[in-house]
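[1] fold the stuff below for me.
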Amino acid sequence: MSELNSIALKIVSSGKGILAADESTGTMTKRFDGVKVTSTSENRLKFRNTLFTSEGMKSFIGGVILYDETIKQSVGPDSIPKIISNSGAVPGIKVDTGAKTLSSSKEEKITEGLDGLRERLKEYYKLGARFAKWRGVYIISNDYPSKVAIFTNAHALGRYASLVQEAGMVPIVEPEVLMEGNHNSNICLDKTTEVIKKCFDELILQKVDLKGIILKPNMILPGTNSAEKINSEKIAELTLKCLKDSVPKEVPGIAFLSGGQTEIEATENLNLINKYNDTNFIMSYSYGRALQQSAIKFWSKDIKNIKGTQEIFNHRANMCSLAAQGKWSKELEEK
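    Next comes the predicted model:
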């Protein structure tokens, strides 16, 4: 077993998953504005450190994706990566610089951040990061995603993944087909399958070790404005079909993004995916809002109530961990 494979398995094994705490300052400001908390560097650190020092971190979180600001912060004598490592989780870092307008298809996006990436990865490794994340985004409409958006984002993900492994870290490969739109679930299935297949074409072409990556895909869902309503069983069935058709067997783990799902939806859908999982892939979670939403609402009422906020987070992380093992039920949410 290679070192990269060991790191990937440590992050997603035994019902553990990823806490995506890599929101940019702008995104965190929107979240804080929504709960009427001033978004300062100090407050962002207070909230995140409340989660990082919780009991739930030790039991349910295998990795934490950080933002550039956070990976360089400390609480007392300990750096944030050290605090995360002390909990048993692996520190990670978001390295893309965001999705910008694709010049050849103005409605679509291309993710940037390759310039200077090799040097930044060396710095992040010294700071304690052992995995990285890069997100490509794709929209669905009558004309999209276009071939150019699918290819250019896959090529960028391949270049990123190769550089990350060169630096001794595990790349999280995140091709996100967005929920926005009026498309049905079968269109989402077709487009997501096409996107993921092209990503792996590029990863293989660029000699990325597939045993040393984690895939972070969207689940297969109808668009947010679609007339179609499907249940969690159907979501699980379509999502598993997509992954069986598009992901090479060497990939050790898949950690789903929550996208626009509620905490309960993201948990219930993950649970059924695991109940019906007849592959060798570990199916886990890499959730941002679906792990933090209730905690941030509670914390905003009294930012000094660390214990109360941690209890809310511990419960949510426990529910996600049970779902990653196919052991969750709605009754457990009430306990």
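
[2] please enumerate the helices of the stretch 201-335 of the chain.
    Along the stretch 201-335 of the chain, the segments classed as helices by DSSP state H, counting those that start in this stretch run 232-246, 263-275, 289-301, 306-323, 330-334.

[3] quick check: which of those is nearest to residue 223?
    Of all the helices of the stretch 201-335 of the chain, helix 232-246 sits nearest to residue 223, with 13.2 Å by Cβ to Cβ. The C-beta positions use only the backbone N, C-alpha and C, and glycine is treated the same way.

[4] the residue nearest the centre of the chain and residue 53: what is the separation?
    Nearest to the geometric centre of the chain sits residue 286, at 3.6 Å (Cα atoms, centre = their mean). Applying Cβ to Cβ, to the nearest Å, the value for residue 286 to residue 53 is 21 Å.

[5] before we move on, the earlier item: show me the contacts for the residue nearest to the centre of the chain.
    The contact partners of residue 286, taken as Cβ atoms under 8 Å, 6 or more residues apart in numbering, are 17-18, 20, 65, 172, 174, 214, 216, 255-257.

[6] neighbour-wise, which one of the residues you listed leads?
    Most neighbours among these, by other Cβ atoms under 10 Å: residue 18, with 32 neighbours.

[7] helix or strand for that one, which one?
    Here residue 18 sits within strand 17-21, counting by DSSP states H and E.

[8] show residues contacting that strand.
    With Cβ under 8 Å, 6+ apart, strand 17-21 has contacts from 11-12, 48, 51-52, 57, 60-67, 70, 89, 92, 133, 172, 214, 255, 257, 284-288, 291-292, 317, 320-321, 324.

[9] rerun at 6 Å
    Under the criterion Cβ atoms under 6 Å, 6 or more residues apart in numbering, residues 48, 61, 63-65, 255, 284-286, 288, 291, 320, 324 lie in contact with strand 17-21.

[10] then the helix or strand following that strand to PDB, C-alphas only?
    Remark: after strand 17-21, the chain's next helix or strand is helix 25-34, criterion DSSP H and E. Taking C-alpha atoms only, helix 25-34 is exported to PDB below (Å, rounded to 0.1, in the frame of the first residue of the first chain):
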ATOM      1  CA  THR A  25     -13.800  34.800   3.400                       C
ATOM      2  CA  GLY A  26     -16.600  36.000   1.100                       C
ATOM      3  CA  THR A  27     -18.700  32.900   1.500                       C
ATOM      4  CA  MET A  28     -18.200  32.800   5.300                       C
ATOM      5  CA  THR A  29     -19.200  36.500   5.400                       C
ATOM      6  CA  LYS A  30     -22.500  35.600   3.700                       C
ATOM      7  CA  ARG A  31     -23.000  32.700   6.200                       C
ATOM      8  CA  PHE A  32     -22.300  35.000   9.200                       C
ATOM      9  CA  ASP A  33     -24.500  37.800   7.700                       C
ATOM     10  CA  GLY A  34     -27.300  35.300   7.600                       C
END
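
[11] for helix 25-34, buried residues please.
    Residues of helix 25-34 classed as buried: 28-29, 31-32 (neighbour count, 16 or more other Cβ atoms under 10 Å).

[12] out of the helices of the stretch 201-335 of the chain, nearest to residue 137?
    That would be helix 289-301 among the helices of the stretch 201-335 of the chain, by Cβ to Cβ, at 16.1 Å.

[13] show me the shaky parts of the stretch 101-250 of the chain.
    By pLDDT under 70, the stretch 101-250 of the chain has no low-scoring segment.

[14] in the buried residues of helix 25-34, find the pair that's most separated.
    The most widely separated members of the buried residues of helix 25-34, counting by Cβ to Cβ, are 29 and 31 (7.3 Å).

[15] the nearest residue to residue 224 once chain neighbours are set aside: what secondary structure?
    Once flanking residues are discounted, residue 224 sits nearest to residue 179: 5.0 Å by Cβ to Cβ, 6 or more residues apart in numbering. Secondary structure state of residue 179, per DSSP: H, G, I helix; E, B strand; the rest coil, is coil.

[16] could you report the neighbour count for the nearest residue to residue 314 once chain neighbours are set aside?
    Once flanking residues are discounted, residue 314 sits nearest to residue 56: 3.7 Å by Cβ to Cβ, 6+ apart. For residue 56, the count of nearby residues is 23 (other Cβ under 10 Å).

[17] repeat that for residue 301.
    By other Cβ under 10 Å, neighbour count at residue 301 equals 12.

[18] what does the one 3 residues further on give?
    Residues contacting residue 304 under the criterion other Cβ under 10 Å number 9.

[19] same thing with residue 44?
    So residue 44, with other Cβ under 10 Å, has 22 neighbours.

[20] list the residues that contact residue 334.
    By Cβ under 6 Å, 6+ apart, residue 334 has no neighbours at all.

[21] burial count for residue 231?
    For residue 231, the count of nearby residues is 11 (other Cβ under 10 Å).

[22] which residues touch it?
    Shown in contact with residue 231 (Cβ under 6 Å, 6+ apart): no residues.
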